[in-house]
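Visitor: I'd like to go over a predicted model; first the sequence, then the structure.
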Amino acid sequence: MKRLLMVTTAFPPMASGGIARQLRFLKYLPEYGWETTVLSARTSGPVPDPQGVRIVRAAAPGPRPVLRMGRRVEQRLRRVFHPFSSSDSSSPGARSAPLQAARVSNKRHSSRSITFNRWVFVPDPDVGWIGPAIVAGRRLLRQEPFDAILSSFPSGSAHLVAASLARRSGLPWIADYRDPWPTNRHYSYPTSAHRRAAEHLEAWALRHAAAATAVNGPIADDLRRRHPHLADRVHVLPNGFDRGEDVADVSLGEGFWFVYTGRLYRRLEQTAHFLDAMAQQADDVNVLFLGIDDPVIRAYAERLGCHTRVHLRPFVQRPQALGFQRAADALLLVTGLAPESLSSKVFEYLASGRPVFAITPSGSAAARLLADAGGGRVVPPDADLTVALSRFIADVRAGAIPPADEAALAKYDGRALTRQLSGWLDKVSQETRR
């Protein structure tokens, strides 16, 4: 049995959409000859640790005390570098209409992304974990034999730890990307210097990588373009689903139910358009946002007069979330506007067998997936959602939207994806031993 060191900060007990990918790998890698030890951070959260997995946790000073002390510094920096920006949503214009309020709230969310932690904590708030994690990782590598290292982005800190360990030990390292790093359109760098710092850190790290994996083609192409020395060793390894996961038996009320699971990130305006359209549907059409308790959505639904049909429920464990997906009449997908936009939940949605109403650009990765696999309908964000939603509901009720094609879904099965990963791990570890 070969041995893998997985370096990640997105791991239980933290509640994060990205942990499902790591947990699938951990579950199935032993079938392909790999035993994994996880190097992670000491965090808190509601998600239980996976059973039978060895986890080594390195403590790190958290950023919160520094954040509290730095609020005044942040305000001064904003005044210097962004003197004309404003995040005030209390103006008359912001209150004049529900959609305008949602837009202002969305802009406020974006402006808040330029916070003190992005000024100070480079590459990310996990930077304080890098030193302790490297110490813990080197200790592990001295005491025990390992054959390869795997780390997961969007934690740049995890990639830096893995690169340092690979450089010191000579072990092959595969860098896994769930999002782009310096070219991420959804990450607001405070200044161009911060972006250049991210570029330099990534370039240094990937000099020590044996290979890289990315969740979709656009991210993989971006890596090949910016790091040509890795061009033939960048592989697409999509997110997927696990048919062997526990699914809770849950039920929804009477009527037609849409379910959305997970966070909305910066997709509040698209969600507002969906609620506009839903308010025009029959009174038995409901939507459940699972894992969200956003006062902006509540207030918006109240102003539309559909608040009794818009339900928000905070975090539930994964078996319950999967159960609600299967109990729904249809599933709501809202993606970003970038070409690489492809939420990991879409694979679980398709595996549930429920039809998907996807608000996503027609050329996005999500749209291409649905075109390939079926199982849903793509509606561009600028389309007439009221008409599109009415037709979709009618078609679902008539049974006119078949589930996703099983042959197309097979390549996103968690076991099959892990087999691909194990093959690349086998290859890089064999090359290192030569």
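Guide: Sure, I can see it. Numbers count the residues shown, from 1 in each chain.
Visitor: make sure Asp176 is indeed in a strand.
Guide: Yes: assessed with DSSP: H, G, I helix; E, B strand; the rest coil, Asp176 lies in a strand.
Visitor: shouldn't it be in contact with Ser152?
Guide: Yes: at 4.7 Å, Asp176 counts as touching Ser152 under the criterion of CB atoms under 8 Å. To be clear about C-beta, it is placed using only N, CA and C from the backbone, and glycine gets the same treatment.
Visitor: any common contacting residues for those two?
Guide: Arg21 (CB atoms under 8 Å, 6 or more residues apart in numbering).
Visitor: name the SS class of Asp395, please.
Guide: helix.
Visitor: tally of neighbours for it?
Guide: Using other CB atoms under 10 Å, Asp395 has 14 other residues around it.
Visitor: quick check: it touching Pro402?
Guide: No: judged on CB under 8 Å, Asp395 makes no contact with Pro402 at a distance of 10.4 Å.
Visitor: I'd like the average pLDDT over stretch 304-320.
Guide: Across stretch 304-320, the average pLDDT comes to 94.
Visitor: and stretch 151-161, C-alpha only, in CSV?
Guide: Presented in CSV, the C-alpha positions along stretch 151-161 are these (Å, rounded to 0.1, in the frame of the first residue of the first chain):
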residue,chain,number,x,y,z
SER,A,151,-2.9,19.6,-1.8
SER,A,152,-6.1,21.4,-2.5
PHE,A,153,-6.8,25.0,-3.6
PRO,A,154,-8.6,27.4,-2.9
SER,A,155,-6.2,27.5,0.0
GLY,A,156,-3.0,29.0,-1.4
SER,A,157,-1.5,28.3,2.0
ALA,A,158,-2.1,24.6,1.5
HIS,A,159,-0.3,24.7,-1.9
LEU,A,160,2.6,26.6,-0.3
VAL,A,161,2.9,24.0,2.5
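Visitor: pLDDT on it, on average?
Guide: Stretch 151-161 comes out at a mean pLDDT of 94.
Visitor: buried residues, it. List them.
Guide: 151-161 (16 or more other CB atoms under 10 Å).
Visitor: which among these gets closest to Asp246?
Guide: Among those, Ser152 lies closest to Asp246 (CB to CB), at 23.1 Å.
Visitor: and the contacts of the helix or strand hosting the closest one?
Guide: Using DSSP states H and E, the element containing Ser152 is strand 148-153. With contacts defined as CB under 8 Å, 6+ apart, strand 148-153 is touched by 2, 4-8, 10, 18, 21-22, 25, 158-159, 161-162, 165-166, 169, 171-179, 181, 210, 421, 425, 428-429, 432.
Visitor: just stretch 398-418 next, same as before
Guide: 24-25, 27-29, 31-32, 237-244, 347, 350-351, 353-355, 372-377, 392, 395.
Visitor: could I get the buried residues of stretch 151-161 in TSV, plus columns for distance to Arg42?
Guide: Formatted as TSV, those follow (distance: CB to CB, whole Å):
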residue	distance to Arg42
Ser151	18
Ser152	18
Phe153	20
Pro154	19
Ser155	15
Gly156	19
Ser157	14
Ala158	15
His159	20
Leu160	18
Val161	15
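Visitor: please name the residues that touch the closest residue to Glu35 other than its chain neighbours.
Guide: Nearest residue to Glu35, sequence neighbours excluded (CB to CB, 6 or more residues apart in numbering): Met1, at 4.8 Å. Neighbouring residues of Met1 by CB under 8 Å, 6+ apart: 30, 33-35.
Visitor: quick one: which of the contacts of stretch 398-418 sit in strands?
Guide: Using DSSP state E, the members of these that fall within strands are 376-377.
Visitor: poorly predicted segments of the stretch 301-434 of the chain, please.
Guide: Applying pLDDT under 70 to the stretch 301-434 of the chain flags residues 434.
Visitor: which stretches of it form strands?
Guide: 310-313, 330-334, 356-359, 376-379 (DSSP state E, counting those that start in this stretch).
Visitor: any buried residues in the first one, and which?
Guide: If I follow you right, that is strand 310-313. With burial defined by 16+ other CB under 10 Å, the residues of strand 310-313 counted as buried are 310-312.
Visitor: partner strands of that strand and their direction?
Guide: If you go by DSSP bridges, strand 310-313 pairs up with strand 285-290 (parallel).
Visitor: got the angle for the strand it pairs with vs strand 330-334?
Guide: If you take axes from the mean of the first three to the mean of the last three CA atoms, to 10 degrees, strand 285-290 sits at 60 degrees to strand 330-334.
Visitor: my read: Val236 touches Ala212, true?
Guide: No: the pair Val236 and Ala212 fails to qualify as a contact (CB under 8 Å) at a distance of 10.3 Å.
Visitor: the more surrounded of those two?
Guide: With neighbours defined as other CB under 10 Å, Val236 and Ala212 compare such that Ala212 has more, 24 against 14.
Visitor: follow-up on the earlier one: buried members of the contacts of strand 148-153 into PyMOL, please.
Guide: This is the PyMOL syntax for the buried subset of the contacts of strand 148-153, where burial follows 16+ other CB under 10 Å:
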select buried, resi 2+4+5+6+7+8+10+18+21+22+25+158+159+161+162+165+166+169+171+172+173+174+175+176+177+178+179+181+210+421+425+428+429
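Visitor: relative to strand 148-153, how tilted is the lengthiest helix in the chain?
Guide: Using DSSP state H, we find that the single longest helix of the chain is helix 414-433. Angle, helix 414-433 to strand 148-153, by the same axes, to 10 degrees: 130 degrees.
Visitor: so how far is helix 414-433 off the chain centroid?
Guide: Centroid separation for helix 414-433 versus its chain: 23 Å, with CA atoms, centre = their mean, to the nearest Å.
Visitor: from memory Tyr32 sits against Trp424, does it?
Guide: No: contact criterion CB under 8 Å: Tyr32 and Trp424 do not qualify, at 10.9 Å.
Visitor: those two: which has the busier surroundings?
Guide: The residue with more neighbours, out of Tyr32 and Trp424, is Trp424; 20 against 16, by other CB under 10 Å.
Visitor: now that one. Nearest residue, chain neighbours left out?
Guide: Counting by CB to CB, 6+ apart, Trp424 lies nearest to Ala211, which is 5.8 Å off, once chain neighbours are set aside.
Visitor: overlap in contacts, Val236 and Ala212.
Guide: Common neighbours of Val236 and Ala212 are listed as Ala220 (criterion: CB under 8 Å, 6+ apart).
Visitor: returning to what we had before: what about the residue nearest to Trp424, neighbour count?
Guide: Ala211 has 21 neighbours, counted by other CB under 10 Å.
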